[in-house]
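>>> The sequence and its predicted three-dimensional model are supplied below.
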Amino acid sequence: MGRTLMSSPGLLLWAAAALAAEVPALKSLTPPGVRIGVAINQAQSDGRDEAGRAIALRHFDSITPEDLLKWESVHPEPGRYDFEPADRFVELGRNQGMFVVGHVLVWHQQTPAWVFAGDGASKLDRDTALARMKAHIATVVGRYRGRVGGWDVVNEALEDDGTLRKTPWLEAIGGDYLAKAFEYAHEADPAAELYYNEYNLWKPAKREAAIRLVQGLKAKGLRVDGIGEQAHWGVDDPPLEAIDSALAAIRASGNTPLITELDMDVLPRDPDMWGADLAKKAKIRATTNVYPDGLPAEAQQKLARRYADVFRLFLKHRVGRVTFWGVTDATTWLHDFPIPGRVNYPLLWDRDGREKPAFDAVVEVLRKDAGR
Ligand code: XIL
C-alpha cells in the first residue's frame, strides 16, 4: 500500500513541494535593520544561470555585482562607458525590491592601465588623476542615482600595518584622494549610502587605521555610512575573539560595521599562498587541493560550526548588512584564489544548489536570535 502511494507521481510532487517549503528564506529570518545580501555574477544577473539567480532572489534582500560595476567593466576606455550589463543588474535588484549595492568606485585593482597613465613619459599628475576620478564617479553614480542604495567608494586603501597603501591613486593625488572620492560620490547622489571597504580589519593596527581614516573624513563633514570588512575568511582563522573585537571597536567609534564579501575558505592555508611566486603556488596547489571530489561530512560540520560562530557575532554587534561573496559553490571565486585551479566549498549552497549543513546552521542562529 505504502509503496503504491509513494510511486504515485502526484504524491511525489506533493512531497517535493512540502520539502522545498520547509527551507526558509534567509531574508525572512534576519532582524530589522540587518540586511542579508549576496554578490551575483553576470550569468546570474543576465539570467543564463537560472538556478543561481533563483537562490539569490529567494533568500536575499540585497545584491552586489561581483565584477560588473568595477572600473574595467563599466569604463574600459577613456570616455567609453559600457553600462548594459550593469543596467540589467540594477534593474533586477529594483524589480525585486532589493537594496542594490554598487561595488566599487576607487580601487587599485580591476582598473584599466589608462586610468593611471601620465602624458607620454611623465607620471600621472594630481589634477589629471582627480579629473578622471571625478568624471568616473559623477557618470557612474549619477546614472544610478536613486537606484543604487549604497556605494563602496574606496576599497583597500590600507596596508595591514595601518599605513596608506602605495596605490597609483595615492602617488598621483596624495592622502586626500579618499576625501575627494567621498566628496564626488556624495555630489553625484546625495541620498546614497557611502562606505569604506577593506579586508583584514580583524587585525588591530589596520582596524584602528580604518577607524581613524573614516573619523577624519567625517570631521571634514563628509558622509560615511559604514565600514565594510570583506570577510574572506578561513574555517580556522581569523580567531573569533579578533572578529568580536573588530566589530566592537567599529561600533564603539560610532560607525556601522558591515560584512561585505563573506566566504569561508575550507582548504588548508599556507603563509606563502598570497605571494606572486608561481612555482610556489603550484607546489601549494598540489598539497592543499585536498577535497577534489567533494567535501567530507566532518569538514561540512566544521564549516557549519564556523558559520554559526561568526553569525552569532554579526547579530551580537548588529552589523548593518551581511553579504556573501557568491551564491553557490559552483561559482565561487575561491576555486582560483589565491591559488588557481583548486576545488573549494566556501558558501551555504553546494554546486548543485542544495543547502549545505552550513545553511541550516545559519538558519538556526537567526531563529534563535529572533526567539523562534
Ligand atoms: C573578485 C571577484 O569575485 C572575481 O570574479 C574577480 O576575478 C576578482 O575580484 N575583494 C574585492 C572583490 O573587493 O571585488 C574581489 O572580487 C574579491 C576581493
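That came through fine.

>>> what does the stretch 51-200 of the chain put close to the ligand?
The stretch 51-200 of the chain has residues Glu66, Asp67, Asn155 near the ligand, with proximity defined as Cβ under 6 Å from any ligand atom. (Each C-beta comes from the backbone N, C-alpha and C, glycine too.)

>>> show me the contacts for the first one.
Pointing back at Glu66 there. Ala39, Ile40, Asn41, Trp325, Gly326, Trp333 (Cβ atoms under 8 Å, 6 or more residues apart in numbering).

>>> re earlier: secondary structure and pLDDT for the residues of the stretch 51-200 of the chain next to the ligand - can I get that in TSV?
Below are these laid out as TSV (DSSP: H, G, I helix; E, B strand; the rest coil; pLDDT from 0 to 100):
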residue	secondary structure	pLDDT
Glu66	coil	98
Asp67	coil	98
Asn155	strand	98
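
>>> The ligand next: which of the contacts of Glu66 are close?
Among those, proximity to the ligand is found for Trp333 (Cβ under 6 Å from any ligand atom).

>>> coming back round to it: and which of the residues of the stretch 51-200 of the chain next to the ligand is nearest to Gln96?
In terms of Cβ to Cβ, no member of those lies closer to Gln96 than Glu66, at 17.2 Å.

>>> In a markdown table: the residues of the stretch 51-200 of the chain next to the ligand, plus distance to Lys220.
What follows is those, written out as a markdown table (distance: Cβ to Cβ, whole Å):
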| residue | distance to Lys220 |
| --- | --- |
| Glu66 | 32 |
| Asp67 | 31 |
| Asn155 | 20 |
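
>>> Looking at those, which one is closest to Arg351?
The closest of these to Arg351 turns out to be Glu66 (Cβ to Cβ; 17.2 Å).

>>> Show me what counts as buried in stretch 137-147.
For stretch 137-147, the neighbour count (16 or more other Cβ atoms under 10 Å) marks Ile137, Val140, Val141, Arg143, Tyr144 as buried.

>>> so where's this protein uncertain?
1-21 (pLDDT under 70).

>>> What ranges does it have for its strands?
With strands called from DSSP state E, the chain shows them at 35-40, 62-65, 99-106, 150-155, 193-198, 226-229, 232-234, 257-265, 321-324.

>>> Using JSON lines, lay out these together with distance to Arg312 and mean neighbour count.
Shown next, in JSON lines, are the strands of the chain (distance: least, Cβ to Cβ, whole Å; neighbours: other Cβ atoms under 10 Å):
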{"stretch": "strand 35-40", "distance to Arg312": "15", "mean neighbour count": "26"}
{"stretch": "strand 62-65", "distance to Arg312": "21", "mean neighbour count": "24"}
{"stretch": "strand 99-106", "distance to Arg312": "23", "mean neighbour count": "24"}
{"stretch": "strand 150-155", "distance to Arg312": "25", "mean neighbour count": "27"}
{"stretch": "strand 193-198", "distance to Arg312": "23", "mean neighbour count": "25"}
{"stretch": "strand 226-229", "distance to Arg312": "16", "mean neighbour count": "26"}
{"stretch": "strand 232-234", "distance to Arg312": "15", "mean neighbour count": "18"}
{"stretch": "strand 257-265", "distance to Arg312": "13", "mean neighbour count": "25"}
{"stretch": "strand 321-324", "distance to Arg312": "12", "mean neighbour count": "26"}
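
>>> Those: which one's closest to Pro271?
Pro271 sits nearest to strand 232-234 of all these, at 12.3 Å, using Cβ to Cβ.

>>> what's the farthest-apart pair in the contacts of Glu66?
Ile40 and Trp333 (12.3 Å).

>>> so what's the residue nearest in space to the middle of the chain up against?
The centre of the chain sits closest to Glu261, judged by Cα atoms, centre = their mean, with a distance of 2.3 Å. With contact taken as Cβ under 8 Å, 6+ apart, Glu261 is in contact with Ala39, Tyr199, Gly228, Gln230, Ala231, His232, Thr323, Trp325.

>>> Relative to Lys27, which of the residues you listed is nearest.
Thr323 (12.2 Å).

>>> Surely the closest one and Asp263 touch.
No. Applying Cβ atoms under 8 Å as the test, Thr323 and Asp263 come out as separate, 10.2 Å apart.

>>> Which single residue of the stretch 251-372 of the chain approaches the ligand most closely?
Trp333 (3.6 Å; Cβ to the nearest ligand atom).

>>> burial measure for that residue, as a count.
Counted by other Cβ atoms under 10 Å, the residues lying close to Trp333 total 17.

>>> so how far is Glu66 from it?
As judged by Cβ to Cβ, to the nearest Å, Trp333 and Glu66 stand 7 Å apart.

>>> Then Gly234?
20 Å.

>>> cool, Gly341 as well?
19 Å.

>>> which one of the residues of the stretch 51-200 of the chain next to the ligand sits closest to Leu92?
Nearest to Leu92 out of these is Glu66 (Cβ to Cβ; 13.5 Å).

>>> how far away is the closest one from Val362?
Using Cβ to Cβ, Glu66 is found at 21 Å from Val362.

>>> Could you give the number of residues near Gly162?
When neighbours are counted by other Cβ under 10 Å, Gly162 registers 16.

>>> do the one 10 residues further on as well
Other residues near Ala172 number 21, with proximity taken as other Cβ under 10 Å.

>>> Contacts only, for it.
So Ala172 contacts Phe116, Lys123, Leu124, Asp125, Arg126, Thr128, Ala129 (Cβ under 8 Å, 6+ apart).

>>> Which residue is the nearest non-sequential neighbour of it?
Leaving aside its chain neighbours, Ala172 sits nearest to Ala129 (3.8 Å; criterion: Cβ to Cβ, 6 or more residues apart in numbering).
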